[in-house]
Structure formats: structure tokens, C-alpha cells
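**Student:** Got a sequence here, can you build the structure:
(one chain, ligands or ions: 1)
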Amino acid sequence: MRIIRAKDYDDMSRKAANIISAQMIMKPNCVLGLATGSTPIGVYGQLVSHYQEGDLDFSGITTVNLDEYRGISRDNEQSYYYFMHDNLFSKVNIDLKRTFLPDGMEPDSAKACQDYDRVIAETGGVDLQLLGLGHNGHIGFNEPGPIFKAQTHCVKLAESTIKANRRFFASEEEVPKEAYTMGIKTIMQAKKILVVVSGADKAPILKKVIYGEIAPDVQASVLQLHGDVTVVADEAALSEI
Ligand code: F6R
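**Tutor:** Residues are numbered from 1 along each chain as shown. Next up is the predicted model:
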């Protein structure tokens, strides 16, 4: 794993956006795997700035997102579809027909998962996968458990994840309890992986991810087995390393 030390959140965002920009310049028709959550918001902001300055072209890019809540429609402000449009897709010249997320409104979860695996396969595979890191070590919504799940699957979100998401919803009842997520095999098949981590609250889990045992109770620990992982983390997140 390559670890890049950033001064703070803004520096982390700029460094990670530069890595994604380099990927897009080197391969203008590349497939980007994207993440939602608080951490990558600054990265997307930087990519939008690069686009506005004329330095980036999204017209040939395909994107596949890691996950989507189950039972939430695309026009719900808390859906990951909405998030991606709000933070990136509506602000750059990307072809929306080539932006993909799991279909949160598909009630047949087996179908939703199979459909999404087919979509990912049809893109030809992810060139660069952007990941955030959950406090419990989850990537996508691959939560701690007895195994690593390979393919897209429906997950019951961990209590800690539901609590962490609570801040985005008016009440606890509205916080989704399930999500569709890419599996670990799909994430690991990305040619390159870029993990962004910020804040002292992520320091203990980041240490486990990088130096701990490779085990499914810390799902991100599997990244130690990938040949091309870059972690861009700020000083606070790296404070235990
Ligand atoms: C989001 C995702 C999650 C987040 C993780 C960290 O698509 O898959 O794994 O990356 O929960 O979230 P933040 O960045 O809000 O701390």
C-alpha cells in the first residue's frame, strides 16, 4: 500500500483529485468506481474545479458507484443517486447514460444485485476505484462479518452505520436499514484503488486496515492483498501510525 500523507482535509481532497485527474487524462474513456459519504465531497469539488478550468473532460468517462440504499428513490435527497448528481454529475460534462448505481427501488434484491453485477461486467471493469472508510472498517457497505462477500449483495446495515447516517435524516425511523453494495471481489478487481481517509476518529481503524490481520471483521484489511492501493489520509487520520 502506498500511503500519502496530507496536511488536512483540503489537502487530502486536492491530492486525491489529482490522482483521479491523472487517471482521466491518461485514459479518457476510463471506468471510475465512485463512493459517497462525507469524505469524498471535497474530492468531487476539486474535480469540478478542474473541469471548470478546462483541465478535465468527463465526456468519455463511465462511472459505477459502490452502493445505494434499498427502498429510497432517486429523487430522495438522501439517495446516493441524488448525492452523485448534486456533487459531481450535474456539474461536469459526463454522459448520464454512462453513470451507474445499484437500483435502490428494485424490490427483488436478487435481481437488483445480478443486474448491477452485469452492468459492472459490461463496462469492462473498473480502472480506478475510489473508497471511503467506515469507522468499523467497511468499504462500500461490506460490513464486518464472518466472510468476505464476493458479488453485489443486499446488506443489513450495522447499528453503528445506521447511527453514523442518522445525521442525514430527520428521524431514526427514516434512516435506511438496508443497502445494495458492490462485493469485495468486485472492489478487489479494480485495477487501482484510491482510499481517502480524514479525521482523528478514523485513526484507530486506519491503523488496523493497514497493519492489522487480514480478516472479514475489518473488511478493508483485504486491501492489503491488492497490488495497487493508494491511501490518501490527513495527519489526523494517520495520527496512530
Ligand atoms: C459510501 C460508502 C461508505 C463510506 C464510508 C465512509 O459510498 O460506500 O463505505 O465510504 O461509510 O463514510 P464517510 O466518508 O461519510 O465517513
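
**Student:** if I look at the spatially most central residue of the chain, how far off is the ligand?
**Tutor:** In the chain, the residue lying closest to the centroid (C-alpha atoms, centre = their mean) is A35, at 2.3 Å. Distance of A35 to the ligand, given as C-beta to the nearest ligand atom, to the nearest Å: 4 Å. The way it works is simple: take the backbone N, C-alpha and C, and place the C-beta from them, glycine included.

**Student:** what do you get for N93?
**Tutor:** 23 Å.

**Student:** what's the least confident helix or strand in the chain, going by average pLDDT?
**Tutor:** helix 159-165 (a mean of 81; mean pLDDT, DSSP states H and E).

**Student:** List the buried residues of that one.
**Tutor:** Neighbour-count burial for helix 159-165, with 16 or more other C-beta atoms under 10 Å as criterion, is recorded at T161, A164, N165.

**Student:** Repeat that for stretch 49-61.
**Tutor:** In stretch 49-61, counting by 16+ other C-beta under 10 Å, buried: H50, Y51, L56, F58, I61.

**Student:** Quick check: end-to-end length of that stretch?
**Tutor:** Distance between the boundary residues of stretch 49-61 (C-alpha to C-alpha, to the nearest Å) amounts to 17 Å.

**Student:** Need the contact partners of that stretch.
**Tutor:** By C-beta atoms under 8 Å, 6 or more residues apart in numbering, the residues outside stretch 49-61 that reach it are 17, 21, 24-25, 28-32, 47, 91-95, 98.

**Student:** Nearest to the ligand: which residue in this structure?
**Tutor:** G132 (2.4 Å; C-beta to the nearest ligand atom).

**Student:** quick one: contacts for that residue?
**Tutor:** G132 touches A35, T36, G37, S38, T39, P40, I139, V195, V196, V197, counting by C-beta under 8 Å, 6+ apart.

**Student:** Now with 6 Å, please.
**Tutor:** A35, G37, T39, P40 (C-beta atoms under 6 Å, 6 or more residues apart in numbering).

**Student:** what residues are up against the last one?
**Tutor:** For P40, the contacting residues are G132, V196, taking C-beta under 6 Å, 6+ apart as the criterion.

**Student:** Pull up the per-residue confidence for it.
**Tutor:** At P40, the pLDDT value in this model is 98.

**Student:** residue contacts, L130?
**Tutor:** Shown in contact with L130 (C-beta under 6 Å, 6+ apart): L34, A35, L194.

**Student:** ok, those residues vs I147, which is closest?
**Tutor:** A35 (22.2 Å; C-beta to C-beta).

**Student:** Please name the nearest non-neighbouring residue to E235.
**Tutor:** Computed as C-beta to C-beta, 6 or more residues apart in numbering, the closest residue to E235 that is not its neighbour in sequence is K7, at 6.2 Å.

**Student:** how far does the strand or helix carrying G42 sit from the chain's center?
**Tutor:** G42 is located in helix 41-52, with elements delineated by DSSP states H and E. Centroid separation for helix 41-52 versus its chain: 16 Å, with C-alpha atoms, centre = their mean, to the nearest Å.
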